[in-house]
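Participant: with the input below, show me the fold.
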Amino acid sequence: MQLWEVPARRFAGANSKVAVEQIAAYVREHDLVEAGLVAERRTAAAARHQRELDRREAAEQPRDDVITPEYLTACVRRLLDGEDAIVLTEVVTNSKAVAEHLRPVRPGSVLHHGGGALGWSGGAAVGAKLAQPSRTVVSLVGDGSFLFSVPSSAIWVQRRYNAPALTVIYDNGGWQGPKFSTLQVHPDGVAAATGEFPVSLAPTVDLPGVALAAGAGFGVTVTDPAELPQVLKDALAAVQAGRSAVVSVRLPPV
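Facilitator: As a prediction, this is how the structure comes out:
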């Protein structure tokens, strides 16, 4: 499925590791690098990198009135520190926050949904746990993605096959993706002018309640930033004890 175009004079298929090593060796052997220029660029890059780290750190700080996607992702990262976990991501419009603040350091520790449809994470969590039973499986999903996964079936299958997983829902009360898409295609359209987008999930669905009814051992909705770290710890403990857990975290609404 063609997703983007990269303009280039020539394309070559290659193993990226081998290709980068060959390019670096060629540059060194042909003396194509000025030491002073490299040092200057390295200093500038390090400064930019530190500014970006500072920006992300500031975004992760808890607020009194609302749970932000950045703070939530930072809490998940701290929860999994030292944990041998596989993280599945299907957060869609919060993908940038997760990519910036999850900070994975091990290859293969994060799996992102592919294709053109949502609802992948519920079944994928079962497959990941059955493939790697000794590892903790954590799904980060949007509220819409969670519903698309048919959670009543997915959670039951996790119970049936002893494949517990922790699901953390980025709950903004609606389908933000279609709203963004509408604004990108029709920025001056009727929906933009009236502020009316048929993407709300009101009345609110008790998402953890659905999971509990299907066999989860832990299900909680969180609205208080101060309570979030402990709730996540309790949820992880339930998973490690052998039962799936679902934590729905209320974010700023769509």
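Participant: may I see the buried residues of the worst-scoring helix or strand of the chain on mean pLDDT?
Facilitator: Within the chain, no helix or strand scores below helix 176-185, which has a mean of 81 by mean pLDDT, DSSP states H and E. Using 16 or more other C-beta atoms under 10 Å as the test for burial, helix 176-185 gives Gln176, Gly177, Pro178, Lys179, Thr182. Quick note: C-beta positions are derived from backbone N, CA and C, even for glycine.
Participant: so what's the closest residue to Ala214 other than its chain neighbours up against?
Facilitator: Spatial nearest neighbour of Ala214, chain neighbours left out: Ile155 (3.9 Å); criterion: C-beta to C-beta, 6 or more residues apart in numbering. The contact partners of Ile155, by C-beta atoms under 8 Å, 6 or more residues apart in numbering, come to Gly122, Val210, Ala211, Ala214, Gly215, Ala216, Ser244, Val246.
Participant: the closest residue to Asp143 other than its chain neighbours: neighbour count?
Facilitator: The shortest distance from Asp143 to any non-neighbouring residue, by C-beta to C-beta, 6+ apart, is to Asp171 (4.3 Å). The tally of other residues near Asp171 (other C-beta atoms under 10 Å) stands at 27.
Participant: my guess is Asp171 meets Arg250, correct?
Facilitator: Yes: the criterion here is C-beta atoms under 8 Å, and Asp171 meets it with Arg250 at 5.3 Å.
Participant: list residues touching both of the two?
Facilitator: Residues touching both Asp171 and Arg250 (C-beta under 8 Å, 6+ apart) are Thr221.
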